[in-house]
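Student: can you look at this prediction? I've put the sequence above it.
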Amino acid sequence: MRGFGARTGAACLVVVACLCFSFAFAHAAEGTNRGATIELNSDTVDVDSNLVAAASKVKWAGVRSSPYGIDPFPTRSGWVKAMDTMAGYFSGSTPTAVWLVGEIKFDGRNSGMDVEWYRSECDGCENAKVSDSTAKAWEKKVKSLNKNYRLFLKHYDKSYLPPDYRGKIIFIDDSLGFENEADLLAEFKDFADFFYPNDVMFQIGYKEDKVWWKKLARPIPKTLGKDLAAQTSQKNCGIIWVDFTLRDVLPTK
């Protein structure tokens, strides 16, 4: 869902020349516990198994960065702090960033395309759809750098993404402009179900939705992220908070 014009700014890590891509990387903080240890000081503890299962689905938790989304731009340690805080909300998750770095050639760990900019002639212009053959070629290029690298494709409208080819692609939904949380959950569930069983990520926290998400239980990213994970059929999903409102919910110092 998009009830607003295209976001300003351009995007992207390029693995194949002249295509507009983003870069995703994972940060493992020194001493970070990737497991979950529960110490019990009583005979019985009531545990919401649905919440535990939802949290365990979140494999990646972190932030989205762009040259235009946050000012002043956080320091390196600031980004790490935000990423680690996000990951701390979801036991076992890896601190992660979707990092928009400009139009360059780069051998990244995981790279992908914000399809909103694919063959788009201007900011807000219509972009081209990604065919099955194109998606397959992009994934082949990424894996030619390292067989363990993964391609991600991002768009708010699944009709612009490959209709049938899946490979090991991670699909990211960055929809915005919802009336309430229920509408957001419905949109993201439809997206995830369409690309099942491939891993998915959800990019959330836009200013256009702040009117309702600011009322959620704190910490807000944890509340919204667990609600998303609880309804997602995939084994793995990711929760990414956008830079536009990063300081409203996460520390950067």
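Tutor: Everything's here; your move.
Student: pLDDT wise, what is the spatially closest residue to I169 that is not a sequence neighbour at?
Tutor: Of all residues not flanking I169 in the chain, L151 sits nearest, at 5.2 Å (CB to CB, 6 or more residues apart in numbering). (Glycine included, C-beta is placed from N, CA and C.) Predicted confidence (pLDDT) for L151: 90.
Student: is L151 bridged to anything, and to what?
Tutor: With DSSP bridges as the criterion, the beta-bridge partners of L151 are S111.
Student: thinking it is in contact with K140, fair?
Tutor: No. Assessed by CB atoms under 8 Å, L151 is found out of contact with K140, at 9.1 Å.
Student: just to revisit the earlier point, separation between the residue nearest to I169 and V142?
Tutor: Separation of L151 from V142 (CB to CB, to the nearest Å): 5 Å.
Student: below-threshold pLDDT in this protein: ranges please.
Tutor: Low-confidence segments of the chain (pLDDT under 70): 1-55, 101-127.
Student: so what does the longest strand that it contains touch, helix or strand wise?
Tutor: Longest strand in the chain by number of residues (criterion: DSSP state E): strand 58-65. Counting contacts by 3 or more CB pairs under 8 Å, 6 or more residues apart in numbering; DSSP states H and E, strand 58-65 is packed against helix 76-88, strand 94-99, helix 220-231, strand 237-241.
Student: any chance of those in CSV, with distance to L185 and mean neighbour count too?
Tutor: Formatted as CSV, the helices and strands packed on strand 58-65 follow (distance: least, CB to CB, whole Å; neighbours: other CB atoms under 10 Å):
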stretch, distance to L185, mean neighbour count
helix 76-88, 19, 19
strand 94-99, 21, 23
helix 220-231, 6, 21
strand 237-241, 13, 27
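Student: quick one: neighbours of the nearest residue to I172 once chain neighbours are set aside, just the number.
Tutor: Sequence neighbours aside, K154 is the residue nearest to I172 in space, at 3.8 Å (criterion: CB to CB, 6+ apart). By other CB atoms under 10 Å, the residues close to K154 number 26.
Student: how far off helix 220-231 does the longest strand of the chain point, in degrees?
Tutor: Comparing the axes of strand 58-65 and helix 220-231 via axes from the mean of the first three to the mean of the last three CA atoms, to 10 degrees yields an angle of 140 degrees.
Student: so strand 58-65 versus helix 76-88, what angle?
Tutor: Per the same axes, to 10 degrees, the angle that strand 58-65 makes with helix 76-88 is 150 degrees.
Student: let me know the angle separating strand 58-65 from strand 94-99.
Tutor: Computed by the same axes, to 10 degrees, the angle between strand 58-65 and strand 94-99 is 30 degrees.
Student: run through who's touching strand 58-65.
Tutor: Strand 58-65 is contacted from outside by 26-27, 79, 82-83, 86-87, 89-90, 92-100, 199, 201, 203, 221, 225-226, 229, 236-243, 246, 250, using CB atoms under 8 Å, 6 or more residues apart in numbering.
Student: on that earlier part again, including distance to L184, could the helices and strands packed on strand 58-65 go into CSV?
Tutor: Formatted as CSV, these follow (distance: least, CB to CB, whole Å):
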stretch, distance to L184
helix 76-88, 18
strand 94-99, 18
helix 220-231, 8
strand 237-241, 12
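Student: on that earlier part again, looking at L151 and K140, which is more packed in?
Tutor: Shown here are L151 and K140; by other CB under 10 Å, L151 has more neighbours (24 against 12).
Student: and the gap between the more buried one and E208?
Tutor: With distances taken as CB to CB, L151 is found 28 Å from E208.
Student: my guess is F191 contacts D174. True?
Tutor: No. Contact criterion CB under 8 Å: F191 and D174 do not qualify, at 10.0 Å.
Student: what about M201, how many residues nearby?
Tutor: Neighbours of M201 under the rule other CB under 10 Å: 29.
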